[in-house]
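predicted structure and sequence below. I'll ask about it afterward.
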Amino acid sequence: MPKLTINDIEIEVAPGTSILQAAEQLGIEIPRFCYHDKLSVPANCRMCLVEVSPGPPKPQASCALACADGMNVQTDSALVKKARKGVMEFLLINHPLDCPICDQGGECDLQDQAVSYGFDRSRYHENKRAVPNKEVGPLIKTIMTRCIQCTRCVRFGEEIGGMTELGLMHRGEDVEIDTFIGKSITTELSGNMIDICPVGALTSKPYAFKARSWELSKTESIDVHDAVGCNIRVDSRGGEVMRILPRLHEDINEEWINDRTRFAYDGLKRSRLDRPWLRDPQSGALREATWEEALSVLSAKLQQAKPDKIAALAGDLVDVESVVALKDLLGLMGAGNLECRIDGARFDPAERAGYIFNTTIAGLEEADAILLVGTNPRREATLVNARIRKTWLNRHIPVGLVGAACDLTYPYEHLGETPQDLEKLMTSRSGFAKTLKDAKNPVIIAGMGAFCREDGLAIHALLHDMAEHFGAVRDDWCGFSILHDAAGRVGALDVGFYSGDGFDLGAMDVVYLLGADDFDMAQIAPESFVIYQGHHGDNGAHRADMILPGATYTEKDALYVNMEGRVQMARRAVHPPGQAREDWKIIRALSDATGHSLPYNDLLELRERIALEWPHLGVVDVAGAAVWGGFGEAGKTTGQKFKPTIENFYITNAITRASATMKKCAQSLMRDECITEKQDMEAAE
């Protein structure tokens, strides 16, 4: 391991460590624009110059120079300071002086480093170059005259996003970032380009001119638009969420989030439920009601109905506390018809290892062969797909897919579309079967597309046998993983919010929809009394006879369990609107009205009750290891093809359906798909 001296401090580093990285380990700041620790090193901005001896008598780029034994590095010598001032002067030759009206103001690397390392005047008085802005979609606003050609956005697109629409065009003073094929950026991770842009060339189009960073209250929380559980920061002002940004968590989302997570926040304030409603039995119309009246009517309905005629469905965005409170209340009333798999997924939840992402998201980097079954991770769990792409880029691992063909941003072998193709894979001794068998750490990832069908339990059992047959399960490795697309699903399964034998929803007298919108409402009998507790006037509210206004994930302190079985905390950034309340509090008040009072009065007592029965839910931010066991039911599979569960990435739940930004994205996506199909047809002709 090389030993070197940086600013008279001796340090020993791992081979291959750059001088810039070594300086960071010592807490020494070296300015940079083009360098980013998650991207390749281009060394083209030259802002990270340092003086190195022995070596050439000129400053060197610390991001691209590996540490060597005996090096003596100076990061703040007179030569280095002069060089940095010169670089900054060059960078500002064409940069416009529009900081007062730039959305990046207050969070701009160029602004900060110009003050810290630049010169207080310029020797260039020529007219500044003007570059036309690019139209790259409804999410990113471009002011390309500000661009300093650091190429971070280009490298992000090629390396992380898996798209090549952006590139560096022309040469010399005419060089600029542009789209080669004149269409929108297609990656679902495009918003991250805004974060990594060190100047104001790429900014958020929905957020433009809405607020300044110093005006915002910042709350650390968790995303619920998929089951990945990305760590986010919610920036709010007053009672409104102004923007959502990623938070670093190396084991889950690293420092990225997808565009749905980032931009769907405008749906939080549209079509909101802010007071109770009751359906008038005479006119059939909904009317406003007080909380006292609503709870009184609901209590009477629940007490009149037979326990076996009461059913409850938990939606995809529901937190653990609310699910437990509703389960406890219905349990006290003798009702046991519960279900959280509202999409119709059929799998065996008896063993936890049978329904969590056992490999863990970070563990995918250790895989050397991956089989995808009935899933499109690019749509269902974008950051999982990004992790698979990262592993493929680093080690070119083989990936196989049994399911509908799709663009995953990395090459894969399409092995078929039916369960029979899985059975053939089991009996084969060559091809991808041999690849899996020979792999040291094989991974099998099954999505909800494998289970939302009549033979889901048989497929679950088949996947269990495949995992053992291909050696995906050992004492030190579990390569069997279920990829969920609902944030509340794993937590609800953990606390047993399901009925083992199932039940006929159409035979129920009372149906309690706890945030359940995304299923076929025609399953409910017309004469059933339907209670909808949720935050948006969506599908469930349209069918409901009673509406109880709840809180969104940004309006409550709550626990969510991601697909890995990792418990995480969402924290309240703003208060619910009007008379809306946190879901568990509504259920707690209902328990008093029914005479079955729940034994907890605050959130701490409720979490203590949860941790007492399910100890693993009391441990935060630890991926839950599960004991391998048998699951599924042996049976005959059908020849039906696996179908994706998410057709439109941008419209997946009540919040996104209320979001104007997500609707624009969906329209843009459809337009680009039509253009691509037309181009393919013309090329074929």
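In hand now; what should we look at? Note that the structure is a prediction, hence the values are computed from the model and not measured.

look at residue 182 and report its pLDDT.
pLDDT for residue 182: 64.

please apply the same query to residue 560.
98.

am I right that it falls within a helix?
No - counting by DSSP: H, G, I helix; E, B strand; the rest coil, residue 560 is not found in a helix; it is strand.

that one: neighbour count?
Per other Cβ atoms under 10 Å, the neighbour tally for residue 560 reads 25. In this view, the C-beta of every residue, glycine as well, is placed from N, C-alpha and C.

please apply the same query to the one 5 residues further on.
Residue 565 has 24 neighbours, counted by other Cβ under 10 Å.

helices along the stretch 151-300 of the chain, start to end?
152-156, 192-196, 259-263, 291-304 (DSSP state H, counting those that start in this stretch).

most tightly packed of those?
Of the helices of the stretch 151-300 of the chain, the one with the most neighbours on average (mean count of other Cβ atoms under 10 Å) is helix 259-263, at a mean of 26.

what's around residue 504, how many residues?
10.

quick one: it from residue 348, how far?
20 Å (Cβ to Cβ, to the nearest Å).

what does residue 340 give?
14 Å.

neighbour-wise, which of the two wins?
Taking other Cβ under 10 Å, residue 340 and residue 348 do not tie; residue 340 has more neighbours (28 against 18).

show me the contacts for the residue nearest the centre of the chain.
Centroid-nearest residue in the chain, with Cα atoms, centre = their mean: residue 230, separated by 4.7 Å. Residue 230 makes contacts with 222, 223, 246, 249, 252, 253, 256, 257, 258, 261, 383, as judged by Cβ atoms under 8 Å, 6 or more residues apart in numbering.

ok, now residue 281?
Residue 281 touches nothing, counting by Cβ under 8 Å, 6+ apart.

quick one, phi/psi of residue 510?
phi -130, psi 130 (degrees, to the nearest 10).

one more: residue 447?
The phi/psi pair for residue 447 (degrees, to the nearest 10) is phi -100, psi 180.

contacts only, for it.
Contacts of residue 447 (Cβ under 8 Å, 6+ apart): 372-377, 380, 403, 482-483, 485, 644-645.

which one of the residues you listed is nearest to residue 494?
residue 482 (13.2 Å; Cβ to Cβ).

my guess is the closest one contacts residue 563, does it?
Yes - using Cβ atoms under 8 Å, residue 482 makes contact with residue 563 at a distance of 7.1 Å.

anything in contact with each of the two?
Jointly contacting residue 482 and residue 563 under the rule Cβ under 8 Å, 6+ apart are 356, 357.

and residue 395, how far from residue 368?
7 Å.

same deal with residue 633?
31 Å.

compare the two (neighbour count), which wins?
Set residue 633 next to residue 368 and count neighbours by other Cβ under 10 Å: residue 368 wins out with 17 against 14.

count of neighbours near the residue lying closest to that one once chain neighbours are set aside?
Closest residue in space to residue 368, ignoring its immediate chain neighbours: residue 439 at 4.8 Å, by Cβ to Cβ, 6 or more residues apart in numbering. Number of residues near residue 439 (other Cβ under 10 Å) recorded here: 20.

ok, residue 439 to residue 449 distance?
For residue 439, the distance to residue 449 - Cβ to Cβ - is 24 Å.

likewise residue 8?
60 Å.
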